[in-house]
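S.K.: pasting the structure only:
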């Protein structure tokens, strides 16, 4: 029996027990023990449901480390929440730190699983390394905020964790494809400004520096724009579909410029007016950017689903060719020397095209990028015929 079926049965059994115990508790008006049992069963069902999609990636070489990271995160979170349900952590006091830790652990662990997956390809390796490093910093800062006693210190550490989390996502997105030789030098502008934004925002939080809206607005918008541009350029689009990407990039640029200008004007007048033309243009550009970006994601999904079924090249035994000398058709066996009636000798060899970074099968691909890892593809000129 495979692991998916086992998890599905555990999920269904947990739901059945939760339903039975819940009904019994409602009818008999019993103590909270029944509700703890219900919570345990519901938690088990949710954990099993989350493990099902992860288990499908355990057999794949590239996604196995990320899947194992996700499984470990779910197991740890399951144990922590189970301990909270049964009040095992009461020995630590009646404070809510364990609950907050469990809440913080979920997004941090999910992000870690994504970053581990990025380590599997050369084009995303540095993005994964940087993401894991910053993810650990966010987790440490968040836990310091949770366990700090002075409220003002805890609040500042919480803000620091949020700042690093936001801009680390931008840095990781800017680094995607950095190992594939795409020569997007402007990605480093986004990375440098993101680091500057982290530094400036943290300095503002700890020192309560006023009137930095102009500087922070510019620092915040540049890495966001670079990250969006890099992500859109990684999308595998076909033909006229590239217009969706161009619209999204143009609208995002207009939104960023108008937002920065609005902050400069508002800083002089003392308030931001939503009736200002710049604010309206920025809002309109943001709406167009969001819709166009979602459209790009939909087009990428459709392109992946519509890709031709992989051809089993091992099943191809022969191929029909036209002799370049006498123009007669010949059926030649693959990798076997053959001879035309005119005496011309020919050997036919076929080879599947694969991505140089992740090994993805590229048969039928009409885009200029690998749909799996985003590596730029430089197809060779179509071969009209060859002979030996």
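M.R.: Structure's in. What do you need? This one's a predicted model, so the numbers in the text were calculated from it and none came from an experiment. Residues are numbered from 1 along each chain as shown.

S.K.: ok, and the closest non-adjacent residue to residue 117?
M.R.: residue 66 (3.5 Å; C-beta to C-beta, 6 or more residues apart in numbering). Yep, even glycine has a C-beta here, placed from its N, CA and C like the rest.

S.K.: so after the strand or helix carrying that neighbour, what's the next helix or strand?
M.R.: For residue 66, the element it lies in under DSSP states H and E is helix 64-85. Next in sequence after helix 64-85, counting helices and strands by DSSP H and E, comes helix 97-118.

S.K.: from the chain's centre, how far out does that following helix sit?
M.R.: Once both centres are worked out by C-alpha atoms, centre = their mean, to the nearest Å, helix 97-118 turns out to sit 14 Å from its chain's centre.

S.K.: give me the contacts around it.
M.R.: 62-63, 65-67, 69-70, 72-74, 76-77, 80-81, 83-84, 89, 92, 124-125, 127-129, 131-132, 135, 138-139, 142-143, 146-147, 172, 176 (C-beta atoms under 8 Å, 6 or more residues apart in numbering).

S.K.: hmm, which of those residues are the buried ones?
M.R.: Neighbour counting with 16 or more other C-beta atoms under 10 Å marks 62-63, 65-67, 69-70, 73-74, 77, 80-81, 84, 89, 124-125, 127-128, 131-132, 135, 138-139, 142-143, 146, 172, 176 as buried within the contacts of helix 97-118.

S.K.: mean confidence score for the helix holding residue 66?
M.R.: The pLDDT scores in helix 64-85 average 85.

S.K.: determine the angle, from 0 to 180 degrees, between that helix and helix 97-118.
M.R.: Compare the direction of helix 64-85 with that of helix 97-118 by axes from the mean of the first three to the mean of the last three C-alpha atoms, to 10 degrees and you get 170 degrees.

S.K.: report the distance from helix 64-85 to the chain centre.
M.R.: With C-alpha atoms, centre = their mean as the basis, helix 64-85 stands 20 Å off its chain's centre.

S.K.: and what of stretch 157-173?
M.R.: 16 Å.

S.K.: ok, and the closest non-adjacent residue to residue 11?
M.R.: In this structure, residue 11 finds its nearest non-sequential neighbour in residue 48, 4.0 Å apart by C-beta to C-beta, 6+ apart.

S.K.: now that neighbour: which helix or strand?
M.R.: Using DSSP H and E, residue 48 falls in helix 32-55.

S.K.: so which elements touch that helix?
M.R.: In this structure, helix 32-55 makes packing contacts with helix 3-28, helix 64-85, judged by 3 or more C-beta pairs under 8 Å, 6 or more residues apart in numbering; DSSP states H and E.

S.K.: of these, which is nearest residue 166?
M.R.: Nearest of the helices and strands packed on helix 32-55 to residue 166, taken as C-beta to C-beta: helix 64-85 at 21.1 Å.

S.K.: most packed of the helices and strands packed on helix 32-55?
M.R.: Between those, helix 64-85 has the highest mean count of neighbours, a mean of 17, where neighbours are mean count of other C-beta atoms under 10 Å.

S.K.: residues making contact with it?
M.R.: 36, 39-40, 43-44, 47, 50-51, 54-55, 57-58, 60, 88-89, 98-99, 101-102, 105-106, 109-110, 112-114, 116-117, 119-120.

S.K.: buried members of those into ChimeraX, please.
M.R.: Only the buried entries of those go into this ChimeraX selection, using 16+ other C-beta under 10 Å:
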select :39,40,43,44,47,50,51,54,55,57,89,98,101,102,105,109,112,113,114,116,117,119,120
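
S.K.: and the residue nearest the centre of the chain, what pLDDT?
M.R.: Centroid-nearest residue in the chain, with C-alpha atoms, centre = their mean: residue 114, separated by 6.3 Å. Per-residue pLDDT puts residue 114 at 92.

S.K.: next: the one 5 residues further on.
M.R.: The confidence metric pLDDT takes the value 91 at residue 119.

S.K.: ok, which stretches of the stretch 251-388 of the chain are helices?
M.R.: Assigned helices in the stretch 251-388 of the chain, in chain order: 277-305 (criterion: DSSP state H, counting those that start in this stretch).

S.K.: residue ranges with poor pLDDT in it?
M.R.: 266-275, 305-315, 365-367, 372, 378-388 (pLDDT under 70).

S.K.: once you drop chain neighbours, what's closest to the most far-flung residue of the chain relative to its centre?
M.R.: Centroid-distance maximum for the chain: residue 342 at 57.8 Å, with C-alpha atoms, centre = their mean. The shortest distance from residue 342 to any residue other than its chain neighbours is 4.1 Å, reached at residue 326 (C-beta to C-beta, 6+ apart).

S.K.: what sits against that neighbour?
M.R.: Residue 326 neighbours (C-beta under 8 Å, 6+ apart): 340, 341, 342, 344.

S.K.: which among these count as buried?
M.R.: Of the contacts of residue 326, these count as buried by 16+ other C-beta under 10 Å: 340, 344.

S.K.: so which of the contacts of residue 326 are in strands?
M.R.: Judged by DSSP state E, strands contain none of those.

S.K.: give the contact list for residue 341.
M.R.: Going by C-beta under 8 Å, 6+ apart, the list of residues near residue 341 reads 323, 326, 328.

S.K.: mind running it again at 7 Å?
M.R.: By C-beta atoms under 7 Å, 6 or more residues apart in numbering, residue 341 lies in contact with 326, 328.

S.K.: so residue 165 makes contact with residue 137?
M.R.: No: checked against C-beta atoms under 7 Å, the pair residue 165 and residue 137 is beyond contact range at 9.2 Å.

S.K.: look at the two and report which has more neighbours.
M.R.: Shown here are residue 165 and residue 137; by other C-beta atoms under 10 Å, residue 165 has more neighbours (19 against 16).
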